[in-house]
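Peer 1: I would like to see how this sequence folds:
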Amino acid sequence: MADLHGNIAAVPSLSFLPVSLRDACARRPRLVQAGVATLLLFCLVGGYLVLGKDDRRAPSGPVSLATGVPMGVYHRYGELLRPRLSADLGVRVSVDASGGSVENLRRVVAGANTFGISTADAVADLGPGDRDQLRAVARLYDDYVQLVVPVGSPVQKITDLRGRRVVVGLPGSGVELITRRLLSEVGMGDMEQAITPVRVGIGEATERLKDGTVDAFFWSGGLPTGAVSDLAEHWQVRLVQLGDLAGKLRDRYGPVYREAVVPADAYPGGTETPTIAVPNLLVTRASQDPELIRRVTETVMENREVIGREVHAAQLVDPRTAIFTDPLPLHTGALRWYRSVKP
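Peer 2: The predicted model follows:
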């Protein structure tokens, strides 16, 4: 094909043709050259369209998503996304509850889950060897760090937790990670000595606060978190401000943390409360099939509004901000989708 104007010997063998047609071709070599060139060009163009850079193969095998505790925003978001992914991909999709961000990252690195949701600070905390195996699909929404106490509690600031019984999240959760960092910043670095840590999920945390077996609980999640809303609907609570620690965390751990405000209407009876926010990322392995990741990215972005009707935080998922996934680069398949919709 390099020289379409050469002699008949330059084209592929015609031995597959009937004898009479081969003889005709031999008498009209230039006609054959033009015909074969056209045929080869058609095959090349057709092959590009079918197998070109978008490589639109159907994904194969089951797909799984590691989320978080059953009453948390991660898990609810995953449950709503699951049937949409299954329909769009044509494969079985499962959603696995977990302890949270740190555990999700371990699962994805180990290949136990195809995807996981994690806070950006948990990603940054990974060793380089593990982090290098991961890529981002999208920045989803931000988690807000919440320190919840009864409305009449004497706890007015984080240092007032000293000596008290405090829910710090499950082992392997982003809640536990940020709690340790916050306590360290205020001189309570040995968490086991500074407080009595209680390691349960958000559902049990609310029950224990109501029955008085804990004095406070930390939570990091999208707004509003259903379990906290249910608690505030039937029992008076308040949030303790944490906003003055955002700059200290950012100085020590990098730009994954920012100042934020929990609005007064986030929870029943709430007041505007300064706090800390950290982005959530949808992550996968760098080795995952680019076409699978392109299609998952498309599903995530095209369903943000319908999922957002039930999970308010999902309304904040936006292609314009989803590409800012530090400290992970975007997967090539995700990048392919974002480029396809760029105006």
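
Peer 1: State the phi and psi torsions of residue 128.
Peer 2: When read as degrees, to the nearest 10, the backbone of residue 128 gives phi -60, psi -40.

Peer 1: can you offset everything so residue one is 24?
Peer 2: Shifting the count to begin at 24 puts that one at residue 151.

Peer 1: Next, work out how far apart it and residue 157 are.
Peer 2: 11 Å (C-beta to C-beta, to the nearest Å). Any C-beta I mention is one placed from the backbone N, CA and C, and that applies to glycine too.

Peer 1: before we move on, what about residue 116?
Peer 2: Using C-beta to C-beta, residue 116 is found at 20 Å from residue 157.

Peer 1: Report the secondary structure state of residue 356.
Peer 2: Three-state call for residue 356 (DSSP: H, G, I helix; E, B strand; the rest coil): helix.

Peer 1: same thing with residue 253?
Peer 2: From three-state DSSP, the assignment for residue 253 is helix.

Peer 1: Name the nearest residue to it, sequence neighbours excluded.
Peer 2: residue 229 (7.1 Å; C-beta to C-beta, 6 or more residues apart in numbering).

Peer 1: Confirm that that neighbour lies within a helix, as I assumed.
Peer 2: Yes. Membership of residue 229 in a helix is supported by three-state DSSP.

Peer 1: if I read this right, it contacts residue 252, doesn't it?
Peer 2: No. Residue 229 is not in contact with residue 252 according to C-beta atoms under 8 Å; the separation is 9.9 Å.

Peer 1: These two: which is more packed in?
Peer 2: Set side by side, residue 229 and residue 252 show more neighbours around residue 229, with 27 against 15, by other C-beta atoms under 10 Å.

Peer 1: Tell me, what's the model's pLDDT at the more buried one?
Peer 2: On pLDDT, residue 229 comes in at 97.

Peer 1: what's the distance between it and residue 137?
Peer 2: Counting by C-beta to C-beta - residue 229 and residue 137 are separated by 31 Å.

Peer 1: ok, now residue 239?
Peer 2: Relative to residue 137, and taking C-beta to C-beta, residue 239 is found at 36 Å.

Peer 1: repeat for residue 228
Peer 2: Taken as C-beta to C-beta, the span from residue 228 to residue 137 is 29 Å.

Peer 1: neighbour count winner among those two?
Peer 2: More neighbours surround residue 228 than the other of residue 228 and residue 137, with 29 against 24 (other C-beta under 10 Å).

Peer 1: Quick check, the more buried one in contact with residue 189.
Peer 2: No. With contact defined as C-beta under 8 Å, residue 228 does not count as touching residue 189 (9.7 Å).

Peer 1: Now do the shared contacts for the two.
Peer 2: Counting by C-beta atoms under 8 Å, 6 or more residues apart in numbering, the common neighbours of residue 228 and residue 189 are 221, 237, 240.

Peer 1: For residue 215, state which of those is nearest.
Peer 2: Ranked by distance to residue 215 (C-beta to C-beta), those are led by residue 221 at 11.7 Å.

Peer 1: Quickly list what the closest one is bridged to.
Peer 2: When bridges are called by DSSP bridges, residue 221 pairs up with residue 190.

Peer 1: Contacts only, for it.
Peer 2: By C-beta under 8 Å, 6+ apart, the neighbours of residue 221 are 188-191, 228, 231, 237, 240.

Peer 1: Can you tell me which of those residues is nearest residue 91?
Peer 2: The nearest member of the contacts of residue 221 to residue 91, counting by C-beta to C-beta, is residue 228 at 13.3 Å.

Peer 1: how far away is the closest one from residue 352?
Peer 2: Applying C-beta to C-beta to residue 228 and residue 352 gives a distance of 35 Å.

Peer 1: Over to residue 309?
Peer 2: From residue 309 to residue 352 the distance is 9 Å (C-beta to C-beta).

Peer 1: Common neighbours of the two, please.
Peer 2: residue 158.

Peer 1: So the closest residue to residue 157 other than its chain neighbours: helix, strand or coil?
Peer 2: Nearest non-adjacent residue to residue 157, counting by C-beta to C-beta, 6+ apart: residue 306, 5.2 Å away. In the three-state summary, residue 306 is assigned as strand, counting by three-state DSSP.
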